[in-house]
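[1] Predicted model follows, preceded by the sequence.
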Amino acid sequence: MLQRVHRRPILALVLTCNGLLLGVQLWIFAWAPVSGHGLDVALGYLLLPWPTTGTTQLVIGLLTIGLVSAAALLLYLRASELLPFGLFGLLTYVEPVLLAVVSVTILGESLTPVDLLAYGPIAVALCLLGIENATARRFPVAPPG
């Protein structure tokens with residue numbers, strides 16, 4: 001990567017901007033569920049709450065979220081290298097569904113009909129893919145020829 005940046009210095013700016021945007025997104029994903037907006041974020045709404053106070057507790061909380069988010073991002077990138085592309089892509093659909101489940105079951109948010117239209121088909125598709133995977137392992141199909 002450093003060689004690519006050395007050949008094209010503009011990549012340093014692009015990588016920096018991408019990192020900042022991803023940091024904001026990860027912070028929103030951490031903030032929203034504990035603030036009663038888990039379903040909003042799970043649906044893809046980008047809510048950016050600006051803190052109005054500069055307390056020490058807020059600063060410590062933001063730094064902690066930043067460190068945890070950085071660790072999560074490193075693990076996410078490592079998983080993208082280790083997992084098959086199809087499985088990795090599938091797991092990206094699991095995250096918003098799990099966030100919706102946690103928001104409803106643990107945090108007490110309520111699902112609207114629009115939420116059910118968004119999450120229902122994704123949850124059904126994930127279940128069907130899981131069933132397909134389980135049956136494919138139990139009953140392997142011989143390749144033609």
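    That came through, no problem. Numbers count the residues shown, from 1 in each chain.

[2] hey, let's count contacts and neighbours off CA atoms from now on
    Fine.

[3] Any figure for the gap between the residue nearest the centre of the chain and Val41?
    The centroid of the chain falls nearest to Glu95 when counting by Cα atoms, centre = their mean (5.4 Å). Going from Glu95 to Val41 by Cα to Cα, to the nearest Å gives 11 Å.

[4] still on that earlier bit, would you mind giving both backbone torsions of the residue nearest to the centre of the chain?
    phi -60, psi -50 (degrees, to the nearest 10).

[5] quick one, what contacts it?
    If you count contacts by Cα atoms under 8 Å, 6 or more residues apart in numbering, Glu95 has none.

[6] Now stretch 30-44: buried residues?
    Using 16 or more other Cα atoms under 10 Å as the test for burial, stretch 30-44 gives 30-33, 37-43.

[7] packing partners for the worst-scoring helix or strand of the chain on mean pLDDT?
    One helix or strand of the chain scores below all others by mean pLDDT, DSSP states H and E: helix 38-42, with a mean of 71. The contact analysis (3 or more Cα pairs under 8 Å, 6 or more residues apart in numbering; DSSP states H and E) places helix 38-42 against helix 10-34, helix 85-105.

[8] quick one: which of those helices is nearest Leu63?
    helix 10-34 (10.2 Å; Cα to Cα).

[9] could you give the mean pLDDT of that closest one?
    Mean pLDDT, computed over helix 10-34, is 78.

[10] Return the distance of it from the chain's centre.
    12 Å (Cα atoms, centre = their mean, to the nearest Å).

[11] the inter-axis angle of that helix versus helix 85-105?
    30 degrees (axes from the mean of the first three to the mean of the last three Cα atoms, to 10 degrees).

[12] and Ser110, backbone torsions?
    The phi/psi pair for Ser110 (degrees, to the nearest 10) is phi -110, psi 140.

[13] ok, now which ones touch it?
    Contacts of Ser110 by Cα under 8 Å, 6+ apart are Val104.

[14] And it, how close does it get to Leu73?
    29 Å.

[15] Repeat that for Val124.
    Taking Cα to Cα, one finds Val124 at 28 Å from Leu73.

[16] So for these two, which residue has more residues nearby?
    Set Val124 next to Leu73 and count neighbours by other Cα atoms under 10 Å: Leu73 wins out with 15 against 11.
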